[in-house]
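**Student:** Have a look; sequence and predicted model below, questions after that.
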Amino acid sequence: MAQHGMVVTSQPLAAQVGLRILQQGGNAVDAAVATAAALNLMEPMMVGVGGDLFALIYVAKDHRLYVLNASGTAPSGATIKHFNALGYRWDPNNWGPGSGMPLHGILPVTVPGAAWGWEAVLKRFGTLTFKDVLQPAIDYAEQGFPVSERIAHDWQLPLALPLKACCSEFDPDSIKVWMIDGQPPKPGQIFKNPALARTFRLLQEHGADAFYRGEIARAIVAKSDALGGTMTLSDLADYHGEWVEPAVTRYHGFDIAELPPPAQAWAADEMLNILEACVPVWAPGQTLASLGPTRASYWHFLVEAKKLAYRDLYRYNADPHFAEVPLKKLLAKSYAASLCGQVDPEHASNTGPRGPGDDRGDTIVLSTADKDGNMVSWVNSNFDEFGSGLTVPGYGFILHDRGYLFTLDPKSPNAIAPHKRPFNTLSAGFMLKNGEPKMTVTLMGGDMQAQGHAQLLVNILDLGANLQAAAEMARFRHSQIPNELSLETPLFNSLGAQLSAMGHKVKSVNGSSMGGVQSILFTADPAGGFYRGGSDHRKDGQAVGW
């Protein structure tokens, strides 16, 4: 708990970078950019300036929540015809995002949005500049930091070459940057990235123009051209993110604001709506609180609500500039009530033809808050571990592979097309009460994110857990296409057999696939209130404040 400001994220040194910015007079937005930049060095498999960004920013003086979409767009040559000519075709067994798409290499690379987003939030709401907020990350990149056990565990560079039938070879430029003597860093080894420091110095000197119109842009296109990609200098120069409106529902008297399409986060709202409408139907006289997490039916209801929400997510979610996503209908309370009869309170449902798994996604989330009441919920990502597996030589960052989440199904609203944004698993949320900020809602990890947001909120709003306890409570992760239910081992040991008897295809997993909560809750007080941070034990994270 702290009164004057707080930063919560998945790596302690990065959290302390943000805290330093707050203590030096920066605000929550300044601290968020500084923390994200430090994580480019400290969790480089998860996040980089070559990736995507979304943020929800509560600005206290405006009494308003602002939502940024700085996710990437497909390059000019990204057509189904082009992918088909290279041997990639839609897989009818995979009816979700990613069907037919290569996971790594140059083809799933979209225009990175993070650098644009960093500059956009600083210019609109920050009090500092790139010169100030990038300097701590530059210092760490040049001097290094000791790699922890958890980060070493995640340090898995993917194969990224060749263009056709990818992938069977590493990118030599990636080996040079991300390996030490040809091997991933071991716990305790000092990792440096002077090339990343060079990139950040260019941003300090020239702003995001260095990335989208300057020498970094030319280096990105040169890398793409050398590997058979289709990204052009115009694709980068013409890129822009956008300010959008959140997807909002009300749950137990609180407004839950989530990212709208093409992000998946809005599915958390639909999941909560279904639970609110249907638990009294599925278990008359009961609530989630009265059932409690020691009963199999409690988890059964959560999982079935998730299946219904993700059914709509996979059917409709896409870039709203290219396809109509009927969000108003999908988040209506009446629509949620109409779905209750599709669940058997005693037996698991099918989600559709079983196909390959859909549990990709590696991401960072962070939360910041300052003395003036500004709060930031932030998600920044390479998509998969080390993204495309391709490094821009001389600049120390990975190109992300978010385009993997397009589909090559020409009938899908999420079919790949030039300048289109793909279905995006990134999720960030915000909880408000009567228009006032209460809590950032964050949890990273592919398709875990929206279902994880809902579980976190149920822990707090139904079960009464405090923020740290809510972050640490056992979670499930349901994969929609294979219809598999992963339970953390203690939960599996307690209730796995009962859920299996109900027809769920259950397996025991450790916490590494359950994402990590990094959230801040504001508690009002006659003296002005204070912040409470919650940092998930499944990561290296830390909540720091002053």
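**Tutor:** Received the coordinates, thanks.
**Student:** dump the residue contacts of the residue nearest the centre of the chain.
**Tutor:** Taking CA atoms, centre = their mean as the criterion, residue 426 is the residue nearest the geometric centre of the chain, at 3.2 Å. By CB atoms under 8 Å, 6 or more residues apart in numbering, the contact list for residue 426 reads 52, 54, 71, 259, 263, 264, 265, 363, 379, 381, 449. To be clear about C-beta, it is placed using only N, CA and C from the backbone, and glycine gets the same treatment.
**Student:** Quick check, pLDDT for it.
**Tutor:** Note for residue 426: predicted pLDDT of 96.
**Student:** ok, it to residue 443 distance?
**Tutor:** 11 Å (CB to CB, to the nearest Å).
**Student:** Not counting sequence-adjacent ones, nearest residue to residue 36?
**Tutor:** Once flanking residues are discounted, residue 36 sits nearest to residue 380: 5.0 Å by CB to CB, 6 or more residues apart in numbering.
**Student:** Just give me the neighbour total for that neighbour.
**Tutor:** Neighbour count for residue 380, taken as other CB atoms under 10 Å: 33.
**Student:** Any idea what it is bridged to?
**Tutor:** residue 53, residue 364 (DSSP bridges).
**Student:** That one against residue 44, yeah?
**Tutor:** No: counting by CB atoms under 8 Å, residue 44 is not a contact partner of residue 380; they are 12.0 Å apart.
**Student:** In the stretch 51-200 of the chain, where is pLDDT below threshold?
**Tutor:** Within the stretch 51-200 of the chain, no range satisfies pLDDT under 70.
**Student:** all helices for it, in order.
**Tutor:** 80-85, 114-125, 130-133, 135-143, 149-154, 172-178, 194-206 (DSSP state H, counting those that start in this stretch).
**Student:** closest one to residue 535 among those helices?
**Tutor:** When these are compared by CB to CB, helix 149-154 sits nearest residue 535, at 12.7 Å.
**Student:** What are the buried residues along that closest one?
**Tutor:** Across helix 149-154, burial judged by 16 or more other CB atoms under 10 Å covers 150, 151, 152, 154.
**Student:** got the contact list for that helix?
**Tutor:** Contacts with helix 149-154, where a contact means CB under 8 Å, 6+ apart, come from 11, 42-43, 45-46, 184-187, 362, 385, 512, 539-540.
**Student:** before we move on, the earlier item: distance-wise, check the residue nearest to residue 36 relative to residue 363.
**Tutor:** Per CB to CB, residue 380 is found 7 Å from residue 363.
**Student:** shared neighbours of these two, anything?
**Tutor:** Joint contacts of residue 380 and residue 363 (CB under 8 Å, 6+ apart) are residue 47.
**Student:** State the number of residues packed around the nearest residue to residue 345 once chain neighbours are set aside.
**Tutor:** Of all residues not flanking residue 345 in the chain, residue 282 sits nearest, at 4.2 Å (CB to CB, 6+ apart). Neighbour count for residue 282, taken as other CB under 10 Å: 21.
**Student:** so what's residue 282 up against?
**Tutor:** 297, 301, 340, 343, 345.
**Student:** which ones among the residues you listed are found in helices?
**Tutor:** 297, 301 (DSSP state H).
**Student:** If we go by neighbour counts, what in stretch 426-446 is buried?
**Tutor:** Neighbour-count burial for stretch 426-446, counted by 16+ other CB under 10 Å, picks out 426-432, 437-446.
**Student:** End to end on it, go ahead and measure it.
**Tutor:** 7 Å (CA to CA, to the nearest Å).
**Student:** Could you do stretch 119-138 as well?
**Tutor:** Using CA to CA, one end of stretch 119-138 lies 17 Å from the other.
**Student:** Residues contacting that stretch, please?
**Tutor:** Contacts of stretch 119-138 (CB under 8 Å, 6+ apart): 17, 20-21, 24-27, 29-34, 37-38, 40-41, 55, 57, 59, 66, 68, 70, 118, 196-197, 200-201, 203-204, 207-208, 241, 374.
**Student:** And stretch 91-99, by the same measure?
**Tutor:** Stretch 91-99 is touched from outside by 90, 100, 314, 317, 352-353, 355-356, 358, 360, 404-409, 412, 414, 422-423, 480-481, with contacts defined as CB under 8 Å, 6+ apart.
**Student:** can you do 6 Å?
**Tutor:** Among residues not part of stretch 91-99, those counted as contacts by CB atoms under 6 Å, 6 or more residues apart in numbering are 90, 100, 314, 355-356, 358, 404-405, 407, 409, 414, 423, 481.
**Student:** Report the distance from it to the chain centre.
**Tutor:** 21 Å (CA atoms, centre = their mean, to the nearest Å).
**Student:** List the buried residues in it.
**Tutor:** Residues of stretch 91-99 classed as buried by neighbour count (16+ other CB under 10 Å): 91, 94, 95, 96, 97, 98, 99.
**Student:** can you pull the contacts of the residue nearest to the last one when sequence neighbours are not counted?
**Tutor:** By that I understand residue 99. Computed as CB to CB, 6+ apart, the closest residue to residue 99 that is not its neighbour in sequence is residue 407, at 4.4 Å. Residues counted as contacts of residue 407 (CB under 6 Å, 6+ apart) are 97, 99, 414, 415.
**Student:** With residue 346 instead?
**Tutor:** Applying CB under 6 Å, 6+ apart, no residues qualify as near residue 346.
**Student:** How about the one 3 residues further on?
**Tutor:** Taking CB under 6 Å, 6+ apart as the contact definition, residue 349 lies against nothing.
**Student:** Dihedrals phi and psi, it?
**Tutor:** Torsion angles at residue 349 (phi, psi; degrees, to the nearest 10) stand at phi -100, psi 160.
**Student:** any idea how far residue 483 is from it?
**Tutor:** For residue 349, the distance to residue 483 equals 9 Å [CB to CB].
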